[in-house]
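Chemist: here is a sequence with its predicted model. Questions after.
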Amino acid sequence: AGTLEVRRFHGTVDAPLLICWAHFCVAFVDTFATKPWPLFDRPSADDALAELLAAQEAATAAELMALMGAERISPATAEYLMNDALGGW
(Lines give C-alpha, C1' and ligand atoms only; values in the text may rest on other atoms or scores of the structure.)
Protein backbone atom coordinates (compact mmCIF):
# COMPACT_ATOMS: atom_id res chain seq x y z
CA ALA A 1 0.00 0.00 0.00
CA GLY A 2 1.14 3.55 -0.64
CA THR A 3 3.17 2.80 -3.74
CA LEU A 4 2.56 3.22 -7.42
CA GLU A 5 3.83 0.53 -9.74
CA VAL A 6 4.04 1.36 -13.41
CA ARG A 7 3.86 -1.57 -15.79
CA ARG A 8 3.49 -1.86 -19.51
CA PHE A 9 -0.01 -1.00 -20.60
CA HIS A 10 -2.58 -3.68 -21.30
CA GLY A 11 -4.50 -3.76 -24.55
CA THR A 12 -7.45 -1.41 -24.79
CA VAL A 13 -9.87 0.14 -27.23
CA ASP A 14 -10.58 3.00 -24.79
CA ALA A 15 -9.08 5.91 -26.74
CA PRO A 16 -9.22 8.50 -23.91
CA LEU A 17 -7.43 6.10 -21.55
CA LEU A 18 -4.77 5.27 -24.13
CA ILE A 19 -4.17 8.96 -24.87
CA CYS A 20 -3.88 9.75 -21.16
CA TRP A 21 -1.49 6.84 -20.64
CA ALA A 22 0.75 7.98 -23.51
CA HIS A 23 0.68 11.53 -22.12
CA PHE A 24 1.58 10.21 -18.66
CA CYS A 25 4.53 8.14 -19.99
CA VAL A 26 6.00 11.10 -21.88
CA ALA A 27 5.51 13.41 -18.88
CA PHE A 28 7.07 10.86 -16.52
CA VAL A 29 10.20 10.41 -18.63
CA ASP A 30 10.47 14.15 -19.29
CA THR A 31 10.22 14.88 -15.56
CA PHE A 32 12.64 12.31 -14.21
CA ALA A 33 15.17 11.88 -17.02
CA THR A 34 17.36 14.71 -15.74
CA LYS A 35 16.75 14.43 -12.00
CA PRO A 36 19.76 13.35 -9.93
CA TRP A 37 19.68 9.91 -8.32
CA PRO A 38 20.77 10.65 -4.72
CA LEU A 39 20.48 6.99 -3.76
CA PHE A 40 23.75 6.37 -5.59
CA ASP A 41 25.47 8.56 -2.97
CA ARG A 42 24.51 6.35 -0.02
CA PRO A 43 27.28 4.54 1.87
CA SER A 44 25.96 1.09 0.98
CA ALA A 45 23.44 -0.68 -1.21
CA ASP A 46 21.53 -1.69 1.93
CA ASP A 47 21.21 1.97 2.96
CA ALA A 48 20.02 2.92 -0.51
CA LEU A 49 17.49 0.08 -0.62
CA ALA A 50 16.14 0.96 2.83
CA GLU A 51 15.69 4.59 1.78
CA LEU A 52 14.06 3.55 -1.49
CA LEU A 53 11.65 1.24 0.32
CA ALA A 54 10.65 4.00 2.74
CA ALA A 55 10.11 6.43 -0.15
CA GLN A 56 7.99 3.90 -2.06
CA GLU A 57 5.85 3.20 0.99
CA ALA A 58 5.23 6.92 1.52
CA ALA A 59 4.61 7.76 -2.15
CA THR A 60 1.20 8.60 -3.53
CA ALA A 61 -0.15 9.00 -7.04
CA ALA A 62 -1.16 12.58 -6.18
CA GLU A 63 2.43 13.36 -5.17
CA LEU A 64 3.68 11.91 -8.46
CA MET A 65 1.28 14.08 -10.45
CA ALA A 66 2.38 17.13 -8.45
CA LEU A 67 6.06 16.36 -9.10
CA MET A 68 5.38 16.19 -12.83
CA GLY A 69 3.57 19.52 -12.62
CA ALA A 70 0.97 21.10 -14.85
CA GLU A 71 3.65 22.14 -17.34
CA ARG A 72 4.25 18.44 -18.16
CA ILE A 73 0.98 16.68 -17.42
CA SER A 74 -2.28 18.47 -17.89
CA PRO A 75 -4.61 18.65 -14.90
CA ALA A 76 -7.28 16.92 -17.00
CA THR A 77 -4.98 13.97 -17.70
CA ALA A 78 -3.91 13.76 -14.07
CA GLU A 79 -7.52 13.85 -12.90
CA TYR A 80 -8.58 11.22 -15.44
CA LEU A 81 -5.80 8.86 -14.40
CA MET A 82 -6.32 9.45 -10.68
CA ASN A 83 -10.10 9.07 -10.73
CA ASP A 84 -10.89 6.72 -13.58
CA ALA A 85 -7.80 4.62 -14.24
CA LEU A 86 -6.67 4.35 -10.60
CA GLY A 87 -10.14 4.27 -9.10
CA GLY A 88 -9.54 7.36 -7.00
CA TRP A 89 -6.40 5.91 -5.41
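Modeler: Sure thing, it's come through. Numbering: from 1, shown residues only.

Chemist: tell me the centre residue of this protein?
Modeler: With distances taken as CA atoms, centre = their mean, the residue of the chain nearest its centroid is L64 (4.9 Å).

Chemist: tell me how far it lies from L49.
Modeler: According to CB to CB, to the nearest Å, L64 and L49 sit 20 Å apart. Every C-beta, even on glycine, is put in place using the N, C-alpha and C of the backbone.

Chemist: same thing with E63?
Modeler: 21 Å.

Chemist: quick one: the helices in the protein?
Modeler: Applying DSSP state H to the chain gives helices spanning 15-32, 45-58, 61-68, 75-80.

Chemist: out of those helices, which is closest to P38?
Modeler: Ranking these by proximity to P38 (CB to CB) places helix 45-58 first, at 8.6 Å.

Chemist: quick one: buried residues of the closest one?
Modeler: A48 (16 or more other CB atoms under 10 Å).

Chemist: redo the helices of the chain as a markdown table? Include mean pLDDT and distance to P38.
Modeler: Formatted as a markdown table, these follow (pLDDT from 0 to 100; distance: least, CB to CB, whole Å):
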| stretch | mean pLDDT | distance to P38 |
| --- | --- | --- |
| helix 15-32 | 86 | 13 |
| helix 45-58 | 87 | 9 |
| helix 61-68 | 85 | 15 |
| helix 75-80 | 84 | 25 |
